[in-house]
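1. Have a look at this fold, sequence not included:
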């Protein structure tokens, strides 16, 4: 029902905010300059995630299209942010990082259910166990 779009790049946030307005989706999509860890910590400190973001933690789905090193840095935070049975789609992974990302996902408790390839790039689909 709701989407929280996060990015650390102010230009990306500005572009995404404009696209949300152009598509008249302001009531559904919130764009914020932050990372997942920042949002989770701020929400936890406030005692009410809904007061900070328009999405209530835990969530059903997290999608990240970022470098493998960043995916690994935040994998535990994503796990914590997901409901049991929730899905994590992690893409933007160059082929030379495939094994280390898979290991990181599994070490954090995810079950890798699928992977998609596009030339030298990989996207993982992982599920948090029930």
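-> That came in fine, so what should we check first? What you are looking at is a predicted structure, and each value in this text was computed from that prediction instead of being measured.

2. Look up how far residue 109 lies from the closest residue to residue 71 other than its chain neighbours.
-> The shortest distance from residue 71 to any residue other than its chain neighbours is 4.9 Å, reached at residue 90 (C-beta to C-beta, 6 or more residues apart in numbering). Every C-beta, even on glycine, is put in place using the N, C-alpha and C of the backbone. Distance check for residue 90 against residue 109: by C-beta to C-beta, to the nearest Å, it reads 14 Å.

3. go on, residue 35?
-> Note on residue 35: its distance to residue 109, by C-beta to C-beta, is 20 Å.

4. what do you get for residue 81?
-> 13 Å.

5. What residues sit buried inside the helix or strand harbouring residue 100?
-> In this assignment (DSSP states H and E), residue 100 forms part of helix 98-107. Taking 16 or more other C-beta atoms under 10 Å as the neighbour-count basis, helix 98-107 is seen to contain the buried residues 98, 101, 102, 104, 105.

6. mind listing what the longest strand along the chain pairs with, with the direction of each?
-> Taking residue count as the measure and DSSP state E as the definition, the longest strand of the chain comes out as strand 82-94. Strand 82-94 has its sheet partners listed here by DSSP bridges as strand 59-65 (parallel), strand 121-127 (antiparallel).

7. Return the most buried member of those strands.
-> Ranked by average neighbour count under the criterion mean count of other C-beta atoms under 10 Å, the strands paired with strand 82-94 are headed by strand 121-127 at a mean of 19.
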